[in-house]
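A.B. asks: My questions concern the predicted model and sequence given below.
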Amino acid sequence: MALEFADNGASVVVVDVDEDGLDELTSEITADGGEATGVVGDVSDPDSVEAVVERAIEEYGTIDVLCNNAGILDDYAPTGETSEELWDRVLDINLKGVFLFTKAALPALLEGEDEGVVINTASIAGKVAGGGGAAYTSSKHGVIGFTKQLSHDYGPEIRANAVCPGFIETGMTESLIDETPDEVQELVDGTPAGRYARPEEVAQVVAFLASDEASFMHGTAVDVDGGWLVD
């Protein structure tokens, strides 16, 4: 997403707990002539979130688009195997982080001449069971609900939408692909697309949702799932 927005001329503030990965990404963007600032931050920590938002405004004056994309899996643990610690960690990052960043950025998003844009990463697990365990599925259902309520409360000053990816080949899913390749392949073979998605395919949809071409889209949860949910 950061690369896609930078390629489209946006000044990007990238947030991650992984400082090395952050440096690598921002260096790639600036080497290609883009504008990027990397900030180490924890989306589940209110003080960290406030500091990131303050840094973004210091660097660029305001925030026009907020993408809440941080997330973790729960190893598909059912309720009986979900510890309170796992539940809290997944909900803190996947759902509370979306709330914290949106709330912190809200004044900047509201004060601009154009409508502010918020795009939240949900999942097919935000619409059906089986895309994750108890904690993950609950968190992603919550992201979709939060997106709709945000649109209801702040439209038209803020245009809020979500994307619902299917199986994307990312660092988050790498262990699943490595540890259970046959099972994962069977799942993706059963979709109309018949393959994993590349991260940039989701990023392109997010960039569209942030653009004026999507100006009449409010409170939607757009499937980017290769047809996973057609049945």
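C.D. replies: Everything's here; your move.
A.B. asks: what about the helices in the protein?
C.D. replies: 2-7, 19-31, 46-60, 84-91, 97-111, 134-154, 174-179, 181-189, 199-210 (DSSP state H).
A.B. asks: Of these, which is nearest His218?
C.D. replies: Minimum separation from His218 across the helices of the chain (Cβ to Cβ) falls at helix 134-154, 4.8 Å. Placement of C-beta: from N, CA and C, glycine included.
A.B. asks: Remind me what the longest strand along the chain packs against, helices and strands.
C.D. replies: Ranked by residue count under DSSP state E, the longest strand found in the chain is strand 158-165. Where contact means 3 or more Cβ pairs under 8 Å, 6 or more residues apart in numbering; DSSP states H and E, strand 158-165 is packed against helix 97-111, strand 116-121, helix 134-154, helix 199-210, strand 221-224.
A.B. asks: Each with direction, which strands does it pair with?
C.D. replies: strand 116-121 (parallel), strand 221-224 (parallel) (DSSP bridges).
A.B. asks: what does that strand rub up against?
C.D. replies: Strand 158-165 is contacted from outside by 106, 109-110, 115-124, 126-127, 140, 143-144, 147-148, 150-151, 154, 197, 202, 205-206, 209, 214-215, 217-225, using Cβ atoms under 8 Å, 6 or more residues apart in numbering.
A.B. asks: Taking helix 97-111 as reference, get the angle to it.
C.D. replies: Using axes from the mean of the first three to the mean of the last three Cα atoms, to 10 degrees, the inter-axis angle of strand 158-165 relative to helix 97-111 is 150 degrees.
A.B. asks: Just want the angle from strand 158-165 to helix 134-154.
C.D. replies: Using the same axes, to 10 degrees: strand 158-165 against helix 134-154 is 160 degrees.
A.B. asks: Figure out how far strand 158-165 is from the centre of its chain.
C.D. replies: Chain-centre distance of strand 158-165: 9 Å, with Cα atoms, centre = their mean, to the nearest Å.
A.B. asks: Over to stretch 163-172?
C.D. replies: 10 Å.
A.B. asks: which parts of that stretch are buried?
C.D. replies: By neighbour count on 16 or more other Cβ atoms under 10 Å, the buried set for stretch 163-172 is Val163, Cys164, Pro165, Gly166, Phe167, Ile168.
A.B. asks: can you list these in a markdown table and add pLDDT and distance to Asp231?
C.D. replies: Below are the buried residues of stretch 163-172 laid out as a markdown table (pLDDT from 0 to 100; distance: Cβ to Cβ, whole Å):
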| residue | pLDDT | distance to Asp231 |
| --- | --- | --- |
| Val163 | 98 | 20 |
| Cys164 | 97 | 15 |
| Pro165 | 95 | 18 |
| Gly166 | 88 | 13 |
| Phe167 | 81 | 15 |
| Ile168 | 82 | 20 |
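A.B. asks: Who are the contact partners of the spatially most central residue of the chain?
C.D. replies: For the chain, Asn69 is the residue whose C-alpha lies nearest the centre (Cα atoms, centre = their mean; 2.0 Å). Contacts for Asn69 (Cβ under 8 Å, 6+ apart) come out as Met1, Thr121.
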